[in-house]
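K.L.:
Task: produce atomic coordinates for the following.
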Amino acid sequence: MKHKSVWMHIGAGSFHRAHQAWYLHRLIQQGDDSWYIALGNVRNDATPMLTELAKQHGEYVLETVSPEGERHYETITSIKKILPWDEKISALIEQGSQENTKVIAFTVTEAGYYLTPNHELDLTQPDIQADLAGQAITIYGALEKILTARVAKHGKPVTLLNCDNLRHNGERFRHGFLSFLRQKNNHDLSHWVEKNTTSPNTMVDRITPRPTPDVRERVKAATGIDDHVPVMGESFIQWVIEDDFINGRPKLEQVNVEMVDSVLPWEEAKIRILNASHSCIAWAGTLIGLNYIDESTVKEPIYQMAWRYVTDNVIPCLTPSPLDLANYRDVVLARFSNPYIKDTNQRVAADGLSKIPGFITPTLIECYQKGITPQATAILPALFFVFFERWAQGKLPYTYQDGVLDEALHKKMMLSPDALTQFITNPTLFGELAQSTDFQQLMIKTVADIKQWALNNH
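P.N.:
Residues are numbered from 1 along each chain as shown. Below you'll find the predicted structure:
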């Protein structure tokens, strides 16, 4: 496979295997096998899955399910190489430095970029500090080592492709990475990155829950394949990419990837309508004792929270748009209502400390700029506050996962008598609104309303 081009992917989660790997598999199905994926991880949390995947030669079954309950099974064949993990990420470095590796893509979640609300690299984060001292815990530390080896070998250009739900994801990752290199005084690599890489913005979409044991059972019953690492997702899928690849790319337009000049309208609609509503539903559902997104979405008060947030505040902020935003809202809420996906509130409720500034605060700020009081949007951070308070009290029904959570610090804050004041005056979460009396009063009232609602409905 030496002559073939390699798409190296960092981030071996379910989403990559249900999304990017599926598109490259479709190309292979069409007879274009000029690209394949080499898959690895920066951290060792995916090692058991990668070990099983290696035993299956990178192949696995993807189960998709429509809102009507139609299930479809497909063996995905685009991952031809598994990059085993070690502390020195040596397999990633070796693959990334190969001349035929022409795209390095990654899914490390929103929190994995360690950005402040002003989109600057947060140098106070312990993981960033560790990488500045020479480790490779974050995408930045990993890429520094990979690209240093690449430059030493041949210095051929490479596209660095962000596939996460981060607004302006290519630009913001790139700014963070270059800031990291400058902070390390690695100016030679910084100059090389500026000249020899591109970072297109992308918008990715497919709801992909964490696989549960019953997926494996259904796959075996339907296909006869005893797949140890199957993955499942909804039937809906979308990928929009700015066509700015520096060293060639797969013919993604042949498999319905939208190659565009600017991803902005799609990205804003996705992040504000889909991602923010998803979190709203997960936090609200958890507060009234529900476990799944679909059962939470079909509860009328929760459906209304999400619907009003989009209708009253997001659509006015995003108009004019080339997309039919009202239709997009309805499609999204229908997808969330799919009873066959069984996406958990736990998965979607994660990373709230990054989602508030990333997905929600921009709408709050723009509403005030337009003279609109963002009552419908204020419900989202209010839900998270009550949810987060329960986390601090040990009253959540599951473990809360958050990439920027400082357990001791946040527990202390949320258990203090002035927890709400500290929360709503936090510029990391709310930017300029942290100093706004109007916003503070709106939040105090909204949090009280949510607490009452949760009490009445639990």
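
K.L.:
what residues are up against the residue nearest to Asp205 when sequence neighbours are not counted?
P.N.:
If the residues on either side of it in the chain are set aside, Asp205 comes closest to Gln238, at 4.2 Å by CB to CB, 6 or more residues apart in numbering. Placement of C-beta: from N, CA and C, glycine included. Listed by CB atoms under 8 Å, 6 or more residues apart in numbering, the contact partners of Gln238 are Met203, Val204, Asp205, Arg206, Glu258, Trp266.

K.L.:
Quick check: PyMOL command selecting the buried ones in these.
P.N.:
Selecting only the buried entries of the contacts of Gln238 in PyMOL, with 16 or more other CB atoms under 10 Å as the criterion:
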select buried, resi 203+204+205+206+266
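
K.L.:
would you turn the contacts of Gln238 into TSV with pLDDT and secondary structure?
P.N.:
Putting the contacts of Gln238 into TSV (pLDDT from 0 to 100; DSSP: H, G, I helix; E, B strand; the rest coil) gives the following:
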residue	pLDDT	secondary structure
Met203	96	strand
Val204	96	strand
Asp205	96	strand
Arg206	96	coil
Glu258	96	strand
Trp266	94	helix
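
K.L.:
Turn the contacts of Gln238 into CSV, including distance to Ala18.
P.N.:
Shown next, in CSV, are those (distance: CB to CB, whole Å):
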residue, distance to Ala18
Met203, 16
Val204, 10
Asp205, 11
Arg206, 6
Glu258, 18
Trp266, 19
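
K.L.:
Of the contacts of Gln238, just say which sits nearest to Asn338.
P.N.:
Checking the contacts of Gln238 against Asn338 with CB to CB, the nearest one is Arg206 at 12.2 Å.

K.L.:
Not counting its neighbours along the chain, what's nearest that closest one?
P.N.:
Leaving aside its chain neighbours, Arg206 sits nearest to Ile237 (4.5 Å; criterion: CB to CB, 6+ apart).

K.L.:
what's the neighbour count on that neighbour?
P.N.:
A count of nearby residues for Ile237, using other CB atoms under 10 Å, gives 18.

K.L.:
Okay, it and Tyr23: tell me how far apart.
P.N.:
Separation of Ile237 from Tyr23 (CB to CB, to the nearest Å) stands at 8 Å.

K.L.:
go on, Asp406?
P.N.:
Between Asp406 and Tyr23 the distance, using CB to CB, works out to 37 Å.

K.L.:
With Ile379 instead?
P.N.:
If you measure Ile379 against Tyr23 using CB to CB, the figure is 36 Å.

K.L.:
Between those two, which has more neighbouring residues?
P.N.:
Counting neighbours by other CB under 10 Å for Ile379 and for Tyr23 shows that Ile379 has the greater number, 25 against 17.

K.L.:
Now Val257. Nearest residue, chain neighbours left out?
P.N.:
In this structure, Val257 finds its nearest non-sequential neighbour in Trp239, 4.6 Å apart by CB to CB, 6+ apart.

K.L.:
That neighbour is in contact with Met203, isn't it?
P.N.:
Yes: in this structure, Trp239 is within contact of Met203 by CB atoms under 8 Å, at 7.3 Å.

K.L.:
How is this structure partitioned into domains?
P.N.:
Segmentation of the chain into domains, based on automatic domain parsing, reads 5-260, 264-457.

K.L.:
what's the distance between the shortest one and the middle of its chain?
P.N.:
Taking the mean C-alpha point of domain 264-457 and that of its whole chain, the gap between them comes to 16 Å (CA atoms, centre = their mean, to the nearest Å).

K.L.:
Can you give me the end-to-end span of it?
P.N.:
One end of domain 264-457 sits 38 Å from the other (CA to CA, to the nearest Å).

K.L.:
Run through the strands of the stretch 51-200 of the chain in chain order.
P.N.:
For the stretch 51-200 of the chain, the strands defined by DSSP state E, counting those that start in this stretch occupy 60-65, 71-76, 79-82, 101-106, 158-162, 197-198.

K.L.:
sorry, that was for the stretch 351-458 of the chain
P.N.:
With DSSP E, counting those that start in this stretch as the criterion, the stretch 351-458 of the chain has no strands whatsoever.

K.L.:
just the helices in it please.
P.N.:
With DSSP state H, counting those that start in this stretch as the definition, the stretch 351-458 of the chain shows helices at residue ranges 352-355, 361-369, 375-392, 407-415, 419-424, 427-430, 437-457.

K.L.:
tell me the most buried of those helices?
P.N.:
Mean neighbour counts were compared across these using mean count of other CB atoms under 10 Å; the top stretch is helix 352-355, at a mean of 26.

K.L.:
tell me what that helix is packed against?
P.N.:
Contacts defined by 3 or more CB pairs under 8 Å, 6 or more residues apart in numbering; DSSP states H and E place helix 352-355 against helix 276-287, helix 375-392.
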